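Asker: heads up, no residue letters with this:
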């Protein structure tokens, strides 16, 4: 990100100046994404997260890799709520839903074993209807997890010598992406 190169490199300094610069960089990054306070808050959260990471690293704290991955994944998903929300109320509605304040729906097949949970406002029904999309969405998320966990990331692939297997997989993914172009998708930065 260009902001980080200029802001962090130009002002430099010790730990506290670095933390201040990180926060300023991400506040500006949030503002760059949009003029709403939700974008600024999104940038603020990322800046604070990087400051916490730096402090932990400087103090020698090291979380187990799986725990660090889970925390990062959930943090990013949480902060995207503010990135996509048009207003604060929208973000709060999503957060309340994620925390179960709008009720929790479990698969109906579990009702016989866990029927007592209805006393705690937990309902049983068709839970996939609450996911925007359909079963393809669930399959795509599951496939993404497998790719993330069991395949090399893009930085590792840069050091890999190309071979026929990589070429075939890349060609199939490219063909799939071209065939998927028939769907209308909102351009995120259309206001800029």
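Answerer: Yep, that arrived. Note that the structure is a prediction, hence the values are computed from the model and not measured. Numbers count the residues shown, from 1 in each chain.

Asker: Run a quick neighbour tally on residue 21.
Answerer: Residues near residue 21, counting by other C-beta atoms under 10 Å, number 19. C-beta: built from backbone N, CA, C; applies to glycine.

Asker: so how far is residue 33 from it?
Answerer: 19 Å (C-beta to C-beta, to the nearest Å).

Asker: Most distant residue from the centre of this structure?
Answerer: No residue in the chain sits farther from the centre than residue 112, which is 34.9 Å out by C-alpha atoms, centre = their mean.

Asker: Nearest residue to residue 115 in space, please, no chain neighbours.
Answerer: Spatial nearest neighbour of residue 115, excluding adjacent residues (C-beta to C-beta, 6 or more residues apart in numbering): residue 124 at 7.6 Å.

Asker: Check that neighbour and give its pLDDT.
Answerer: We have a pLDDT of 85 for residue 124.

Asker: what secondary structure does residue 56 sit in?
Answerer: Under DSSP: H, G, I helix; E, B strand; the rest coil, the three-state class of residue 56 is helix.

Asker: Could you pull up the residues touching it?
Answerer: residue 63 (C-beta atoms under 8 Å, 6 or more residues apart in numbering).

Asker: Other residues contacting the helix or strand encompassing residue 174?
Answerer: Taking DSSP states H and E as the criterion, the element that holds residue 174 is helix 164-179. By C-beta under 8 Å, 6+ apart, the residues outside helix 164-179 that reach it are 157, 160.

Asker: what helix or strand is the residue farthest from the centre of the chain on?
Answerer: Here residue 112 is assigned to helix 111-114, by DSSP H and E.

Asker: that older thread, and whichever helix or strand the residue nearest to residue 115 is part of, which residues are buried?
Answerer: In this assignment (DSSP H and E), residue 124 forms part of strand 122-125. Within strand 122-125, the residues that count as buried by 16 or more other C-beta atoms under 10 Å are 122, 124.

Asker: Check which strands are paired with it and give the direction for each one.
Answerer: Strand 122-125 sits in its sheet next to strand 104-107 (parallel), going by DSSP bridges.

Asker: Now do the buried residues in the strand it pairs with.
Answerer: With burial defined by 16+ other C-beta under 10 Å, the residues of strand 104-107 counted as buried are 104, 105.

Asker: tally of neighbours for residue 141?
Answerer: The number of residues near residue 141, taken as other C-beta under 10 Å, comes to 11.

Asker: does it count as helix, strand or coil?
Answerer: With three-state DSSP as the criterion, residue 141 reads helix.

Asker: Tell me, how many residues neighbour residue 85?
Answerer: 20.

Asker: Got phi/psi on it?
Answerer: Main-chain torsions, residue 85, degrees, to the nearest 10: phi -70, psi 140.
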